[in-house]
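[1] Using only what follows, build the 3D model:
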Amino acid sequence: MLKGQRYGRLTVLRLSRIDPNSERVVTAECDCGAVRYYKLSNLRTGNTKSCGCLQREVASWTQRNRQGRVGLPRPC
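    Now for the predicted structure:
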């Protein structure tokens with residue numbers, strides 16, 4: 001049911017476990033190739049969109065833009 005669903009740059013691979021607070025934890029793969037565990041509620045609300053690569057790209061783009069270069073990060 002969850003397998004294959006996309007949230008931002010993340011694709012759910014499987015339901016991994018239910019933590020002590022009854023929250024579902026899934027294993028997901030980012031578009032950059034990183035595979036990690038995420039709380040499903042964070043994916044669904046949009047609090048988590050990538051493994052962190054999106055933040056690094058935006059920071060890099062911001063730095064390049066300040067130096068006068070043009071180019072946007074890939075949108076989610």
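
[2] Would you state the helices of the chain in chain order?
    With DSSP state H as the definition, the chain shows helices at residue ranges 40-45, 53-66.

[3] nearest residue to the residue nearest the centre of the chain other than its sequence neighbours?
    Nearest to the geometric centre of the chain sits residue 50, at 1.5 Å (C-alpha atoms, centre = their mean). Once flanking residues are discounted, residue 50 sits nearest to residue 9: 4.1 Å by C-beta to C-beta, 6 or more residues apart in numbering. C-betas here are computed from N, CA, C, even on glycine.

[4] Return the alpha-carbon coordinates of stretch 59-66 using PDB.
    This file holds the C-alpha atoms of stretch 59-66, laid out as PDB (Å, rounded to 0.1, in the frame of the first residue of the first chain):
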ATOM      1  CA  ALA A  59      22.400  26.700   0.000                       C
ATOM      2  CA  SER A  60      24.700  26.100  -3.000                       C
ATOM      3  CA  TRP A  61      22.300  27.900  -5.300                       C
ATOM      4  CA  THR A  62      22.100  30.800  -2.900                       C
ATOM      5  CA  GLN A  63      25.800  31.100  -2.700                       C
ATOM      6  CA  ARG A  64      26.200  31.000  -6.500                       C
ATOM      7  CA  ASN A  65      23.400  33.500  -6.900                       C
ATOM      8  CA  ARG A  66      25.100  35.900  -4.500                       C
END
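
[5] Give me the helix or strand of the chain that scores worst on average pLDDT.
    helix 53-66 (a mean of 79; mean pLDDT, DSSP states H and E).

[6] Residue 26 and residue 38 touch, don't they?
    Yes: Residue 26 is within contact range of residue 38, at 5.8 Å (criterion: C-beta atoms under 8 Å).

[7] contacting residues for residue 8?
    Residue 8 sits next to 43, 46, 48-50, 54, 76 when contact means C-beta atoms under 8 Å, 6 or more residues apart in numbering.

[8] Report the two of the residues you listed separated the most.
    The span of the contacts of residue 8, defined through C-beta to C-beta, is set by 43 and 54 at 13.5 Å.

[9] Quick check: nearest residue in space to residue 37, chain neighbours excluded?
    Nearest residue to residue 37 in three dimensions, chain neighbours excluded: residue 25, at 5.4 Å (C-beta to C-beta, 6+ apart).
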